[in-house]
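Q: Sequence and predicted structure, then a few things I'm wondering about:
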Amino acid sequence: MANGWSVWIGLLVIAVFSVVSWFAAPKGENQTVWRSSLILAACACYLLWLITFLAQWHPLIVPRRSDLRPEIINHERSL
Amino acid sequence: MAPHKDTLFRSADMSLTQLYIANEIGREVVSALGELGCMDFRDLNSETSAFQRTFTQEIRRLDNVERQFRFFHMHMEKSSIPARSIYDFDENISATSKTEIDELVDRSQALEGRISSLNESYETLKKREVELTEWRWVLKEAGSFFDRARGQTEEIRRSIDEDDAPLLRDVEHSGPNGETQGERSFSVMNIGFVAGVIPRERMAAFERILWRTLRGNLYMNQSEIPEPIINPETNEGINKNVFIIFAHGKEIIAKIRKISESLGADLYSVDENSELRRDQIHEVNTRLGDLANVLRNTKQTLDAELTAIGRSLAAWMVIIKKEKAVYESLNKFSYDQARKTLIAEAWCPTNSLALVKSTLQDVNDRAGLSVPTIVNQIKTTKTPPTYVKTNKFTLGFQTIIDAYGTAKYTEINPGLPTVVTFPFLFAVMFGDFGHGIIMTLAALGMIYFEKPLSRGKLDELFSMAFFGRYIMLMMGVFSIYTGAIYCDVFSKPLNIFPSMWEWPEDFKAGDPVAAKRVEGYTYPFGMDWNWHDTENDLLFSNSYKMKLSILFGWAHMTYSLCLSYINARHFKTPIDIWGNFIPGMIFFQSIFGYLVFAIVYKWAVDWYSIGKSPPGLLNMLIYMFLSPGTIEEQLYPGQAPVQVILLLLAVVQVPIMLFLKPFYLRWEHNKARAMGYRGIGESTRVSALDEDDDEGQTPNGRESFGDDEEGVAMITEGITEGEHEEFEFSEIMIHQVIHTIEFCLACVSHTASYLRLWALSLAHQRLSIVLWDMTISVGFSQGGGAVGVIGIVILFYLWFVLTVFVLCIMEGTSAMLHSLRLHWVEAMSKHFLGDGVAFQPFSFKVLLEEEPVDL
C-alpha cells in the first residue's frame, strides 16, 4: 500500500493544495494571512509526515518485546 | 513602489501629514480623528512644560469632573446601588459639541453639591441614630444593673468602706438582707456612677486600667449588646458592651469619665430613678422613631439621586475620558496666533489618508466653516513608525513578535509565518492526540464565550490564556495532528492502519520475540503502533525524533534566512544579498544542509538488502571537520571529494562575509566623495546605503511619500536632526566582524538548540506513560468487584485531573516557552532588524481598552 511512491504522491497533493489555497484564499484584507497560513501549515504537516514515513521506510531495528502471550497474538490475527 | 494593501506581511506605509485646523473646530476635528484612530500626533511643543500648554485649563477642569464621577461612584458603592454597565450602552458614546461637555460639567458640579450635602446630613442623622441606639441600650442594661445593684447596695458599700472585706463573698448570703435596704438611694450613700458603651475588644484593657488607677475602688457591671453597632462612617459593625461603674466620690467619678473617654467609650446619662429612666427610654424611643423616618426619607432621596446618576455614569465617564484625551492631543499642536489656526503633525497610514480627508471634510461641513482644514503631506527623512494591522486572530501572534522587538519600518513582519510555525513547533513538543483535543476544546470554549469572558474580571493566568485563545486553538489543532503522527493518545497507541510489523506465531509466553516486517509495506501515516510498549521503542523513537528536530530546525532556519533576502531586496541594499545572505546561506547549507541530505539519504537506502552496514552520521559530520577527505564508513560513492568541497566552500564564505560588505561600502563612500558630493545631501545618501541594524533611514522611505504639493510650509522642527551618522569605516568593520562570528557560531548552536524539540517531546510522551501506569493501569490490575470498580473511578478522576494540570497546563506552558525561544532566538536572529518605533495612534478605542471604564 504504501511504498516509495507515497512520498511523491504526498508532495503532489501538498503542491496542489498549496496552489488551490493560493487562489481560493478569501479575498479581502486577510488574504495574505490565509495564503501564508494554509500553505505553511500544509508544508509543515507534510514535512512531519514525510520524516516519519522515511524513518520507517527502511527501518534498521525491529520492535522487540518479551511480555507477549501467543494466545493474544493469534486472537488478534483471527479478528 | 506602487501602493499596496496593508497586510501582515510588512508594516503599513506611513505618511507624515500636516494639518491646518481652524481654531474654532480644533476640538471637533481631533475628536473625529480619535474615533478614526489612525493618527499618531507628534508633540510639537516638547520644550514646553505640561503647565504652560494651551489647553491645560480645560484638562484641569475635566480632571475635576472625573474626580466628581469617582466621588459618585464611591457613594454608589457605599449604598450598593448598581451602575448601569458600560456594555449596556451603545458602542459609540461621544459628545457632539462643546456645549454638551459644558452642560455635563455644570451638572456634575451641581450633583456633587447635592450628593455631598445629602450625604452629610444623612451621616449626621445616622450618627445621631447610633448615639440614640446606644443610649437606649445603656438605659435598658443599666436599668437591670440598677435593679440588681439596688439589692446589693449594702454589699457595695461594705466593699468600698472596708478594705478588709473578703473579696469573694457569697452573693446568696447577702441576698435576703439586701431586699430590705434596697430603697436606699445611691446618692444618699454618696455613690456616683458612670454609664456608657465601649467597643468589646477594649473592654479588658478598660477594666485593667480602671482597676489599677482606682486601686479597686469601684464596682463595675457590664453586659454585651447582642447586635453589632453600625458605624455610619465606615459602614462596619462593631460589637460593643454596655458598662456601668459605681464609685465613691466626685474625683473618682471624674477620673473614671476621663479614662473611659480616652479609651473611646461613649458616656450616656442615666437616671437612677426608675420612673425617670422609664421616661427617658420612652423619649429615646420616640426620637428614634422620628429619626428613622427622616433617615428613610433622606436615604430615599440620596438613593434616587444616585440611581439617576448610575443610569448614565458610565457613559459620562467615557465622554469625559475622551474629551480629556482630545485636549491632551490638542496640547501637542502648535498654535499660530496670527492666523488663528492650529497646526498639527501626525503619522498616518498612507492608505487611511483618504479616509482622514473625508472625515475632516465632514467635520468642516457640519461646523459650517468656510475655512477648510488643510491636509499636507510632508517629505521627511525621519523614520516612520511601524504599524502592523492585526485582527482578533493575528493579534496574539503579533504580540509574540512585538514582545521581542518592534520591526523596522516595512521590514518583513515575522508575525505572519509565526501564525503557523509557533503552534506547529509547540505541537512537535506537545504531540499527543488526546491532550491536543483537550487544548482545542478549551480554546474553542474560550472563543465561543468570548464576549462574556472579555467583560468579566479574570485572574492573571486565565486572562493570559484568554488573550492567546486563538494561539491555543492552533496549538491544539496541530497537537492533534502531531499526536496522530506520533501515534499517541494519552500515551496509548492509535491503530488506524494495519501494522507493518507482524509478531511470530509460535513462541512461549515470556520469550523475547522480534517482530517481522510485512514485505513491501510501510506504515502509511505516522509511527507504527506496534512500537508501543516494546523494549526498544525508545531506541527507535529517539533516533527518529532527534533527526526530526534537526530537519525541522534546518527548515525553519532556512526559511528565516530567506526572509533576510527579501528584506535586502525591499530595502534595496544589494550588498546585503551579496555580502551577507548568499555567503551565509552557502555556509549554512554546506554544513547543515549536507547533514540533512545525509539523514534523508540514509533513510532512503535499504542498507540490509544491499548488504552494507549503515554508517553513523554523527561520526561522519565530526570527521568531515577533523580529517577532511578520509571516510571511514561510506554513505555514498564519491563522498570524500564532495565533503572536502563543501568544507572548503563553507570556509571560503567566512572571509567573504567578513570583508565584502565593509569594503564595498567604503569604496562607494569614497566614490561619492570623489565626485564632489558634500554636505547634508551626500551624507544622507551614503548612510542610506549603509543600512543595517544601527541605521534608521531607508531610500524608499522617501519615495513612498508621493503627491507632495509645491511650497509646503515646513514648520517641522528638527526634522533631520540625529537621524544620520557619519561614515565610519572602523565601526562598520567591527559590526561586520561581530555579525560574521555570531552567524557562524549560531549556525552550530542554533541547530543544536532545535534538539529541544526532541527532548521535550520525549519528556512529554514518557510523562504521560508514567501517569497512565501509576493511575488507571493500577486500577485495571486490581481485578473486578466493587472495590475494583470504585478504585477505577477514583483513579480515573486522579488521572484526568493530573492530565489536565500537569500534562496540559504545565507541560503545555513549558513547550510554549521553548517554542517562543525558538522563534525569538533561532529564527528571528536570521533576518529580524527590529529597530522600529511602534505606531501609537490617538484612538479612543485603544484609550478605552487601556483604561477601561469598569462599571
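A: Okay, I see it.

Q: a strand runs through B:Ser15, doesn't it?
A: Yes: applying DSSP: H, G, I helix; E, B strand; the rest coil, one finds B:Ser15 inside a strand.

Q: Burial check on it, number of neighbours?
A: 25 (other Cβ atoms under 10 Å in any protein chain shown). C-beta coordinates here come from the backbone N, C-alpha and C atoms, glycine included.

Q: before we move on, what about B:Asn580?
A: When neighbours are counted by other Cβ under 10 Å, B:Asn580 registers 24.

Q: quick one: contacts for it?
A: Counting by Cβ atoms under 8 Å, 6 or more residues apart in numbering or on different chains, B:Asn580 makes contact with B:564, B:568, B:657, B:661, B:739.

Q: check contacts around the last one.
A: Residues near B:His739 by Cβ under 8 Å, 6+ apart: B:580, B:657.

Q: quick one: secondary structure of it?
A: Secondary structure state of B:His739, per three-state DSSP, is helix.

Q: do the same with the third one
A: Of the three states, B:Met657 takes helix according to three-state DSSP.

Q: just checking, it touches B:Pro583?
A: Yes: counting by Cβ atoms under 8 Å, B:Met657 does reach B:Pro583; the two are 4.6 Å apart.

Q: Now do the same for B:Gly264: helix, strand or coil?
A: coil.

Q: is it true that it touches B:Pro199?
A: Yes: between B:Gly264 and B:Pro199 there is a contact at 6.4 Å, judged by Cβ under 8 Å.

Q: Show me which of the two is the more surrounded one.
A: The neighbour comparison of B:Gly264 against B:Pro199 (other Cβ under 10 Å) goes to B:Pro199, with 17 against 11.

Q: Which parts of the stretch 51-200 of chain B are strands?
A: Counting by DSSP state E, counting those that start in this stretch, the segments of the stretch 51-200 of chain B that form strands are B:191-199.

Q: any weak-confidence spans in it?
A: Within the stretch 51-200 of chain B, the segments meeting pLDDT under 70 span B:91, B:95-96, B:149-190.

Q: Show me where it has its helices.
A: Listed in chain order, the helices found in the stretch 51-200 of chain B under DSSP state H, counting those that start in this stretch are B:56-78, B:98-150, B:153-161, B:171-181.

Q: which stretch among these comes nearest B:Pro615?
A: helix B:56-78 (75.4 Å; Cβ to Cβ).

Q: State the separation between the closest one and the centre of the chain it belongs to.
A: The chain centroid and the centroid of helix B:56-78 are separated by 27 Å under Cα atoms, centre = their mean, to the nearest Å.

Q: Mind checking the helices of the stretch 51-200 of chain B for the one nearest to B:Leu646?
A: Nearest to B:Leu646 among the helices of the stretch 51-200 of chain B is helix B:56-78 (67.6 Å), distances taken as Cβ to Cβ.

Q: ok, now which ones touch the one residue sitting closest to the centre of chain A?
A: Among the residues of chain A, the one closest to the centroid is A:Trp49, at 3.3 Å (Cα atoms, centre = their mean). By Cβ under 8 Å, 6+ apart, the contact list for A:Trp49 reads A:10, B:485, B:525-526.

Q: surely B:Asp266 meets B:Val197?
A: Yes: contact criterion Cβ under 8 Å: B:Asp266 and B:Val197 qualify, at 5.0 Å.

Q: who touches both of the two?
A: When contacts are counted by Cβ under 8 Å, 6+ apart, B:Asp266 and B:Val197 are jointly contacted by B:Glu134.

Q: More neighbours: the two, which one.
A: Shown here are B:Asp266 and B:Val197; by other Cβ under 10 Å, B:Val197 has more neighbours (25 against 17).

Q: Do I have it right that that one meets B:Asn239?
A: No: with contact defined as Cβ under 8 Å, B:Val197 and B:Asn239 do not form a contacting pair (10.8 Å).

Q: and for these two, which residues touch both?
A: By Cβ under 8 Å, 6+ apart, B:Val197 and B:Asn239 have these common neighbours: B:225, B:229.

Q: And the pLDDT for the residue with the largest distance to the centre of chain A?
A: Seen from the C-alpha centroid of chain A, the residue lying at the greatest distance (Cα atoms, centre = their mean) is A:Glu71, 33.4 Å away. On pLDDT, A:Glu71 comes in at 76.

Q: So which residues make contact with stretch B:470-480?
A: By Cβ under 8 Å, 6+ apart, the list of residues contacting stretch B:470-480 reads A:41, B:392-393, B:395-397, B:400, B:419-420, B:422-424, B:426-427, B:430-433, B:435-444, B:446-447, B:465, B:812, B:816.

Q: and with 7 Å instead?
A: B:393, B:396-397, B:422-424, B:426-427, B:430-433, B:435-437, B:439-440, B:442-444, B:447, B:465 (Cβ atoms under 7 Å, 6 or more residues apart in numbering or on different chains).

Q: Could you list the alpha-carbon positions for that stretch in PDB?
A: Extracted in PDB, the C-alpha atoms of stretch B:470-480 (Å, rounded to 0.1, in the frame of the first residue of the first chain):
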ATOM      1  CA  TYR B 470      -6.500  31.700  19.000                       C
ATOM      2  CA  ILE B 471      -2.900  30.700  19.600                       C
ATOM      3  CA  MET B 472      -4.200  27.900  21.800                       C
ATOM      4  CA  LEU B 473      -6.600  26.800  19.200                       C
ATOM      5  CA  MET B 474      -3.900  26.500  16.600                       C
ATOM      6  CA  MET B 475      -1.600  24.800  19.100                       C
ATOM      7  CA  GLY B 476      -4.400  22.300  19.900                       C
ATOM      8  CA  VAL B 477      -5.200  21.500  16.300                       C
ATOM      9  CA  PHE B 478      -1.500  21.000  15.400                       C
ATOM     10  CA  SER B 479      -1.100  18.900  18.600                       C
ATOM     11  CA  ILE B 480      -3.900  16.600  17.400                       C
END
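
Q: Scan chain A for its longest helix.
A: Using DSSP state H, we find that the single longest helix of chain A is helix A:31-57.

Q: Please identify the buried residues of that one?
A: The neighbour-count check on helix A:31-57 (16 or more other Cβ atoms under 10 Å in any protein chain shown) flags A:32-57 as buried.

Q: tally of neighbours for B:Asn351?
A: Here the number of neighbours of B:Asn351 (other Cβ under 10 Å) works out to 17.

Q: pretty sure it is in a helix, no?
A: Yes: read with three-state DSSP, B:Asn351 is one of the residues of a helix.

Q: helix/strand/coil for the nearest residue to it once chain neighbours are set aside?
A: Leaving aside its chain neighbours, B:Asn351 sits nearest to B:Asp6 (5.6 Å; criterion: Cβ to Cβ, 6 or more residues apart in numbering or on different chains). Of the three states, B:Asp6 takes coil under three-state DSSP.

Q: hmm, back to that, quick one: which of the helices of the stretch 51-200 of chain B is nearest B:Leu635?
A: helix B:56-78 (74.6 Å).

Q: hmm, who's touching the closest one?
A: In contact with helix B:56-78 (Cβ under 7 Å, 6+ apart) are residues B:50, B:83, B:105, B:108, B:112, B:115, B:119, B:235, B:306, B:309-310, B:313, B:316-317, B:320, B:323-324, B:327-328.

Q: mind checking how far the helix or strand harbouring B:Val419 is from the chain centre?
A: B:Val419 is part of helix B:415-430 when elements are defined by DSSP states H and E. Distance of helix B:415-430 from the chain centroid (Cα atoms, centre = their mean) equals 22 Å.

Q: number of nearby residues for residue 61?
A: No chain in the question, so chain A it is. Neighbours of A:Ile61 under the rule other Cβ under 10 Å: 13.

Q: looking at chain B here, not the other one
A: Neighbours of B:Arg61 using other Cβ under 10 Å come to 19.

Q: can you check B:Asn376 too?
A: Neighbours of B:Asn376 under the rule other Cβ under 10 Å: 17.

Q: Low-confidence stretches in chain A?
A: In chain A, residues with pLDDT under 70: A:1-2, A:75-79.
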